[in-house]
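In: pasted the sequence and its predicted model underneath.
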Amino acid sequence: MERVIQPDAESTASDQELLDRCRAGDEKAFDDLVLRHQQRAFNVAFQLLRNHEDATEVAQDAFVRIYRSVEGFRGECEFTTWLHRIVVNLAHNKHRWWKRRGRQASVSLDNPVESADGEVPLQVAAVLECSIGTVKSRIARARDALRESLKDEA
């Protein structure tokens, strides 16, 4: 079951105080750290990856890493510096992982297939021996079918 984190309106504790409480086993203190810094972690990841889902995943993974290694944090730098470094490292790892697998950018079902000069539908029309309008309408129908299929799976 997923745990819902409620913000502590009275949390004026410093990051260092929250880290000390985390080390003592106070999960609420960790929740407060996450709530305080989750947007910052996402923003850093999104700046590097330019993909919402990947940035969300990297930000979540960063807090998992912090939770697992909070005992080892020596406090030689600010918590935000530590968080930033973890997020940057994870984002770079994610980028390298996708690059090795051939993914350079995300593809949206809403983006048109054709290039600025309409070259792609023209080539497809030539191969299929049909009009460009037919190619464009078939692409649109295929996108709609794929969208429906993905909705059903979700």
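Out: Everything's here; your move.
In: what's the mean pLDDT across stretch 128-143?
Out: On average, the pLDDT along stretch 128-143 is 85.
In: which parts of the helix or strand residue 146 falls within are buried?
Out: Secondary structure assigned from DSSP states H and E places residue 146 in helix 132-153. Neighbour-count burial for helix 132-153, counted by 16 or more other C-beta atoms under 10 Å, picks out 135, 136, 139. (Each C-beta comes from the backbone N, C-alpha and C, glycine too.)
In: the helix or strand bottoming out on mean pLDDT in the chain to helix 132-153, inter-axis angle?
Out: One helix or strand of the chain scores below all others by mean pLDDT, DSSP states H and E: helix 119-128, with a mean of 76. With axes from the mean of the first three to the mean of the last three C-alpha atoms, to 10 degrees applied, the angle from helix 119-128 to helix 132-153 works out at 100 degrees.
In: one step back: which strands or helices does the helix holding residue 146 pack on?
Out: Applying 3 or more C-beta pairs under 8 Å, 6 or more residues apart in numbering; DSSP states H and E, one finds that helix 132-153 contacts helix 119-128.
In: output the helix holding residue 146 as PDB, nothing but the C-alphas.
Out: The C-alpha trace of helix 132-153 is given here as PDB (Å, rounded to 0.1, in the frame of the first residue of the first chain):
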ATOM      1  CA  ILE A 132      -0.400  11.900 -49.300                       C
ATOM      2  CA  GLY A 133      -3.800  12.500 -47.800                       C
ATOM      3  CA  THR A 134      -4.400   8.800 -47.500                       C
ATOM      4  CA  VAL A 135      -1.100   8.300 -45.800                       C
ATOM      5  CA  LYS A 136      -1.800  11.200 -43.300                       C
ATOM      6  CA  SER A 137      -5.300   9.800 -42.500                       C
ATOM      7  CA  ARG A 138      -3.900   6.300 -42.000                       C
ATOM      8  CA  ILE A 139      -1.300   7.700 -39.700                       C
ATOM      9  CA  ALA A 140      -3.900   9.600 -37.700                       C
ATOM     10  CA  ARG A 141      -6.100   6.500 -37.400                       C
ATOM     11  CA  ALA A 142      -3.100   4.400 -36.300                       C
ATOM     12  CA  ARG A 143      -2.300   7.000 -33.600                       C
ATOM     13  CA  ASP A 144      -5.900   7.000 -32.300                       C
ATOM     14  CA  ALA A 145      -5.900   3.200 -32.200                       C
ATOM     15  CA  LEU A 146      -2.600   3.100 -30.300                       C
ATOM     16  CA  ARG A 147      -3.900   5.700 -27.900                       C
ATOM     17  CA  GLU A 148      -7.000   3.600 -27.200                       C
ATOM     18  CA  SER A 149      -4.800   0.500 -26.800                       C
ATOM     19  CA  LEU A 150      -2.500   2.300 -24.300                       C
ATOM     20  CA  LYS A 151      -5.500   3.600 -22.300                       C
ATOM     21  CA  ASP A 152      -6.900   0.000 -22.000                       C
ATOM     22  CA  GLU A 153      -3.600  -1.200 -20.600                       C
END
